[in-house]
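Sequence unavailable; structure follows:
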């Protein structure tokens, strides 16, 4: 727990900083004035007049079409798909180009008349900073507006991660690119809301105004998201409007998030999905949870509970799979799968999702664990409910996609998917 501002800015002992790795980045002409104009134009604050609000919404619609179009998008495409006049579509594109968000790509294929000019998202102008905070280190990256990671920086910490380490990592990776930094997001384990880390048991933080601290250091709008919400936004990258999805994160802790389309359901106090310490084990064999109670979902289904104390969220998939291969782990995984399916039946009956995604490090547990969860879930179906697909998450989407999308949401909404050409590989049948 952080008791004072002095404690918050004490540099942790044992920090091991890896050099910043950067890809070749084209020279950008973006300056502070243009970035300021962009943030002002896309501001969603209350009190905007109707004409300004409509213009903002049309800019976002045009930007989204350019980002997600399967074929080269032209001004005519935007006019046709939005119902706006050709003059209005051209005006929107001109402003997006002037703000450094869109670039012309050359002539598109002919459709029978004069060849139009294609449009694409400008890679060279702006960057998003993402910092993923773990108990033993921080991964910081810079991502461009197409979702390409252009720089990465790893800080390993022994003795606990402090706020100073987060600020230092963010400053280090953004050095020299301050004018291009459009937004930032810090991902943390625990409960977060309104830019504040309300409580993180893993980090030992409580009521830390992390967003304002990092924003002051970087000079860019900053948000804070927890692990589970970030994963849910990653999985929702290709969600259709109205699709209800339940995402359950398994790691050192257990949490959940619900999305409708690409929008998170936050709940009345921003704590929707905090299911880790709901009691689901009532029979014998209950384990005392780190919260002090017994029978919590986390005490049975967290990766630590199933794989033992050797598991940490820092382990890669290969090492996690090795831990899962022992007879002792297999037995605990069976118990954990039954406890998880019990919780999923209750939550599923309440929210009626189209699918349930088991994310975090769970995929390393292999097909047997997933099969057991599915079998237990289907064994005792609640009357009146619909069948629900259960699958693992998609780690191939990358761990920075969700927090990067969260960082941009206050500016562009869901316009930018942050995946190459807006395309996502289909979900595998397994």
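Thanks, I have the structure now. In this text the structure is predicted, and so the values were computed from the model without any measurement.

Now stretch 362-379: buried residues?
362-366, 369-370, 372-374, 376-377 (16 or more other CB atoms under 10 Å). All C-beta spots, glycine's among them, are computed from the backbone N, C-alpha and C.

and which of those is nearest residue 263?
Sorting the buried residues of stretch 362-379 by how near they are to residue 263, with CB to CB, puts residue 362 at the top with 23.9 Å.

Hmm, that closest one is touching residue 391, no?
No: the criterion here is CB atoms under 8 Å, and residue 362 misses it with residue 391 at 10.3 Å.

which residues do these two both contact?
residue 370 (CB atoms under 8 Å, 6 or more residues apart in numbering).

rewinding a little: tell me which of the buried residues of stretch 362-379 fall in helices.
366, 369-370, 372-374, 376-377 (DSSP state H).

what's around the closest residue to residue 290 other than its chain neighbours, how many residues?
Residue nearest to residue 290 in three dimensions, not counting chain neighbours: residue 201, with 7.1 Å by CB to CB, 6 or more residues apart in numbering. Neighbours of residue 201 under the rule other CB atoms under 10 Å: 15.

same deal with residue 118?
Neighbour tally, residue 118, other CB under 10 Å: 20.

cool, and the one 10 residues further on?
Residue 128 has 27 neighbours, counted by other CB under 10 Å.

Could you pull up the residues touching it?
By CB under 8 Å, 6+ apart, the neighbours of residue 128 are 142-145, 181-185, 404, 407-408.

Any idea what residue 133 is bridged to?
Beta-bridge partners for residue 133, by DSSP bridges, are residue 138.

Equivalent analysis for residue 224, please.
As for beta bridges, residue 224 partners with residue 186 under DSSP bridges.

What distance do you get for it to residue 413?
Taking CB to CB, to the nearest Å as the measure, residue 224 falls 19 Å from residue 413.

from the contacts of residue 128, which ones fall inside strands?
Cross-referencing those against strands under DSSP state E gives 142-144, 181-185.

What subset of the residues you listed is buried?
So, by 16+ other CB under 10 Å, the buried ones in these are 142-144, 181-185.

which one among these gets closest to residue 338?
Taking CB to CB as the measure, residue 338 lies nearest residue 185 of these, at 35.7 Å.

Is the closest one in contact with residue 411, as I believe?
No: the criterion here is CB under 8 Å, and residue 185 misses it with residue 411 at 11.7 Å.

Just the helices from this protein, written as ranges.
Taking DSSP H as the test, the helices found in the chain are 5-8, 32-41, 50-68, 75-82, 86-98, 163-174, 210-218, 227-235, 297-301, 303-307, 317-324, 327-351, 366-379, 401-412.

Contacts only, for residue 397.
So residue 397 contacts 234-235, 237, 419, 424 (CB under 8 Å, 6+ apart).

For it, give its distance to residue 257.
15 Å.

swap in residue 107?
44 Å.

Kindly reformat the helices of the chain as TSV containing distance to residue 128 and mean pLDDT.
Below are those laid out as TSV (distance: least, CB to CB, whole Å; pLDDT from 0 to 100):
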stretch	distance to residue 128	mean pLDDT
helix 5-8	25	34
helix 32-41	12	87
helix 50-68	14	92
helix 75-82	24	93
helix 86-98	17	96
helix 163-174	10	95
helix 210-218	11	96
helix 227-235	13	93
helix 297-301	31	93
helix 303-307	29	95
helix 317-324	26	96
helix 327-351	30	94
helix 366-379	32	95
helix 401-412	5	94
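
Could you dump those helices into JSON lines and include distance to residue 251?
Compiled in JSON lines, those are given as follows (distance: least, CB to CB, whole Å):
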{"stretch": "helix 5-8", "distance to residue 251": "25"}
{"stretch": "helix 32-41", "distance to residue 251": "34"}
{"stretch": "helix 50-68", "distance to residue 251": "31"}
{"stretch": "helix 75-82", "distance to residue 251": "41"}
{"stretch": "helix 86-98", "distance to residue 251": "39"}
{"stretch": "helix 163-174", "distance to residue 251": "19"}
{"stretch": "helix 210-218", "distance to residue 251": "20"}
{"stretch": "helix 227-235", "distance to residue 251": "7"}
{"stretch": "helix 297-301", "distance to residue 251": "10"}
{"stretch": "helix 303-307", "distance to residue 251": "5"}
{"stretch": "helix 317-324", "distance to residue 251": "10"}
{"stretch": "helix 327-351", "distance to residue 251": "13"}
{"stretch": "helix 366-379", "distance to residue 251": "14"}
{"stretch": "helix 401-412", "distance to residue 251": "14"}
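
Of the ones you listed, give the one that comes closest to residue 269.
If we rank the helices of the chain by CB to CB, the stretch that ends up nearest is helix 227-235, at 14.1 Å.

what angle sits between that closest one and helix 401-412?
With axes from the mean of the first three to the mean of the last three CA atoms, to 10 degrees applied, the angle from helix 227-235 to helix 401-412 works out at 80 degrees.

packing partners for helix 227-235?
strand 181-188, strand 244-250, strand 254-260, strand 263-264, strand 355-360, helix 401-412 (3 or more CB pairs under 8 Å, 6 or more residues apart in numbering; DSSP states H and E).

mind redoing it with 7 Å?
If contacts are counted by 3 or more CB pairs under 7 Å, 6 or more residues apart in numbering; DSSP states H and E, helix 227-235 sits against strand 244-250, strand 254-260, strand 263-264, strand 355-360, helix 401-412.

Not counting sequence-adjacent ones, nearest residue to residue 418?
Excluding the flanking residues, the one nearest residue 418 by CB to CB, 6+ apart is residue 147, at 3.5 Å.

Tell me if I'm right that that neighbour and residue 419 touch.
Yes: with contact defined as CB atoms under 7 Å, residue 147 counts as touching residue 419 (5.1 Å).

joint contacts of the two?
By CB atoms under 7 Å, 6 or more residues apart in numbering, residue 147 and residue 419 have these common neighbours: residue 401.

Noted, bye for now.
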